[in-house]
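Enquirer: Any chance you can model this:
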Amino acid sequence: MVDLVADLGEGFGAYTMGDDEALLELLTSANVACGFHAGDPRIMDATVRACVANGVSVGAHPSFPDLVGFGRRAMDLTPEEVRTDVLYQVGALQAFAHAHGTRVRHVAPHGRLGNLVAVRADYATAVVEAVASLDDSLIVLAQDGELADAARTRGLRVAIVGIADRAYRDDGTLVPRSEPGAVIHDADEIARRTLRMVTEGVISSVGGKDIPVACDTVLLHGDTPGALALAGRIRSELLAADVRITGLDEVLSGEERQRPLT
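Expert: Below you'll find the predicted structure:
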């Protein structure tokens, strides 16, 4: 079983990015921008409404306060600023979710914040404190690393994200977008990598190593040329490989049932 998630609502004002309407037909979950790297009240409202109409679970996609850089620049924030910024953003999305008769089900840090919480224990703890203090039923979406470890220690559920079109280092972290080869564009390779992540639990690193990836959810992208067709292909190939596409709650419950007693 695997969840399919994508980043939605990443426009601002009159500007749009990606084809959210088409992506929603492929997804089981959505990371919704909360206003700090993209999104505004109108876009957040419309995105949550569309998720509800399509039966897609709503998740918060908090970021550094970096509209100009789309949340992809490092910022010298204190852990307390990270904690309160995450609280602010998730709380805002919760308001729209409540207004549309649903709730926020997961939190997935965006961009540079998402990269840093995998390796910085202080930022990871700040995010976990924000999530736990707000709603300890929220699922934390993360790469393997500090955020996943801190969330599990706090008793929060964790879903590991597999990103097939991003290059991985030998230590399991993503190659920064500022480096050559960070983003993979070959559709055949991306499809192969996705199937291996989901069915074998491994992905090839830039160093040529097969590294373990416990992939609970696959991140699909729809904001680059050809990405929507690729997302549809990935879904079709997963189904053809007898992979069940379902929501995070069922994926994580299935893992609990399969975990051996110790």
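
Enquirer: How many neighbouring residues does Ile54 have?
Expert: Actually, residue 54 is Asn. It isn't Ile. Asn54 has 16 neighbours, counted by other Cβ atoms under 10 Å. Bear in mind the C-beta positions are built from the backbone N, C-alpha and C, glycine included.

Enquirer: So that it lines up with my notes, have the first residue be 22 from now on.
Expert: Noted, 22 is the first residue going forward, which turns the last one into Asn75.

Enquirer: Which residue is the nearest non-sequential neighbour of it?
Expert: Leu45 (4.4 Å; Cβ to Cβ, 6 or more residues apart in numbering).

Enquirer: Tell me the pLDDT of that neighbour.
Expert: Reading off the confidence values, Leu45 has pLDDT 95.

Enquirer: distance of it from Val73?
Expert: With distances taken as Cβ to Cβ, to the nearest Å, Leu45 is found 10 Å from Val73.

Enquirer: do Leu108 as well
Expert: 24 Å.

Enquirer: continuing past the helix or strand containing Val148, what's the next helix or strand?
Expert: Per DSSP states H and E, Val148 falls inside helix 142-155. Per DSSP H and E, the first helix or strand lying C-terminal to helix 142-155 is strand 160-163.

Enquirer: got the CA positions of that following strand in PDB?
Expert: Output in PDB follows, covering the C-alpha atoms of strand 160-163 (Å, rounded to 0.1, in the frame of the first residue of the first chain):
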ATOM      1  CA  ILE A 160       0.800  12.600  10.900                       C
ATOM      2  CA  VAL A 161       4.300  14.000  10.300                       C
ATOM      3  CA  LEU A 162       5.500  13.600   6.700                       C
ATOM      4  CA  ALA A 163       9.300  13.500   6.500                       C
END
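
Enquirer: what's the next secondary structure element after it?
Expert: Next along from strand 160-163, by DSSP H and E: helix 167-174.

Enquirer: The helix or strand just after that next one - contacts with which helices or strands?
Expert: Downstream of helix 167-174, the first helix or strand assigned by DSSP H and E is strand 178-183. On a contact count with 3 or more Cβ pairs under 8 Å, 6 or more residues apart in numbering; DSSP states H and E, strand 178-183 meets strand 160-163, helix 167-174, helix 208-220, strand 238-241, helix 269-279.
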